[in-house]
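S.K.: pasting the sequence and the predicted model now:
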Amino acid sequence: MRRQVVSSTNISEIGYDADRRTLEVAFKSGTVYQYFDVPERIYEDLIRASSIGQYLNTNIKGQYRYARV
């Protein structure tokens, strides 16, 4: 999955696979998580958020299945 670099204190890169509806988040610590069945709108809102970490915590964590990769 292709990821793009983002401006965030804790997150380094974010990627999205529209066919699989999978969001991938790479943290600056090196940890990578994939979130499943995420609508593309949520990904787009995440990329545009003024605080990516806050948007992730509020709208994605606890809302979608995930796995550490």
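M.R.: Received the coordinates, thanks.
S.K.: ends of stretch 47-57, what's the gap?
M.R.: 14 Å (CA to CA, to the nearest Å).
S.K.: buried stuff in it?
M.R.: Using 16 or more other CB atoms under 10 Å as the test for burial, stretch 47-57 gives 49, 52, 55-56. All C-beta atoms are positioned from the backbone trio N, CA, C, and that covers glycine.
S.K.: buried residues, stretch 62-69. List them.
M.R.: Quick answer for stretch 62-69 (16+ other CB under 10 Å): 64, 66.
S.K.: what about the residue nearest the centre of the chain, which helix or strand?
M.R.: The C-alpha lying nearest the average C-alpha coordinate of the chain belongs to Val25 (CA atoms, centre = their mean; 4.1 Å). Using DSSP states H and E, Val25 falls within strand 22-27.
S.K.: then Leu56?
M.R.: With DSSP H and E as the criterion, the answer for Leu56 is helix 52-59.
S.K.: what packs against that helix?
M.R.: Where contact means 3 or more CB pairs under 8 Å, 6 or more residues apart in numbering; DSSP states H and E, helix 52-59 is packed against strand 11-17, helix 40-48.
S.K.: now the angle from the longest one to strand 11-17?
M.R.: This points to helix 40-48. 160 degrees (axes from the mean of the first three to the mean of the last three CA atoms, to 10 degrees).
S.K.: quick one: mean pLDDT over helix 40-48.
M.R.: In this model, helix 40-48 has a mean pLDDT of 97.
S.K.: that one: how far from the chain's middle?
M.R.: Relative to its chain's centre, helix 40-48 lies at 9 Å (CA atoms, centre = their mean, to the nearest Å).
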